[in-house]
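> Take this sequence and fold it.
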Amino acid sequence: MGIDHMTIGDAREIVKLFGQESNPGPGPWVIGQAYFIRTGTNYLTGKLAAVYGNELVFTDAAWIASTGRFTQAMNTGILEEVEPYPHAVLINRQFVVDATEWSHPLPREQK
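Next up is the predicted model:
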């Protein structure tokens, strides 16, 4: 069978062979929850607004250039360097290294 004759069902079966769902669902993510997220290259904070396939949408988001001492930042919510986004941010969830709930006010002032 050539690729030009594949059905959607055939494509889904191939995806299953590689262990990846084409629409993985929301998983443990909670809409409306504030998160501190680490990706492969940086940190972000934001409130989860939506989950689409592989994308997470965050509002009130900020790029965290430096946390300062990590444990203190997690305990107090005081971050060393903050660059707020002016609009919503989309993150590909395949690039999330780890995430935790953020129980402090989301940082919205640049510093």
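
> Flag every buried residue along the longest strand anywhere in the chain.
Counting by DSSP state E, the longest strand found in the chain is strand 55-66. Using 16 or more other CB atoms under 10 Å as the test for burial, strand 55-66 gives 56-62, 64. Every C-beta, even on glycine, is put in place using the N, C-alpha and C of the backbone.

> burial measure for residue 82, as a count.
20 (other CB atoms under 10 Å).

> what does residue 12 give?
Residue 12 has 12 nearby residues by other CB under 10 Å.

> Quick one: classify it as helix, strand or coil.
helix (DSSP: H, G, I helix; E, B strand; the rest coil).

> shift numbering so it begins at 46
All right, first residue 46 from here; so that's residue 57.

> quick one: it from residue 145, how far?
Taking CB to CB, to the nearest Å as the measure, residue 57 falls 33 Å from residue 145.

> Off-centre distance for the following helix or strand past the longest strand of the chain?
Using DSSP states H and E, the helix or strand that directly follows strand 100-111 along the chain is helix 115-121. Relative to its chain's centre, helix 115-121 lies at 20 Å (CA atoms, centre = their mean, to the nearest Å).

> Residue 118 contacts residue 124, doesn't it?
Yes: between residue 118 and residue 124 there is a contact at 5.4 Å, judged by CB atoms under 8 Å.

> Return every residue with contacts to both of those two.
Residues touching both residue 118 and residue 124 (CB atoms under 8 Å, 6 or more residues apart in numbering) are residue 112.

> give me phi/psi at the nearest residue to residue 85 once chain neighbours are set aside?
In space, not counting the residues next to it along the chain, residue 85 is nearest to residue 140; the distance is 5.7 Å by CB to CB, 6 or more residues apart in numbering. Per-residue torsions, residue 140: phi -100, psi 0 (degrees, to the nearest 10).
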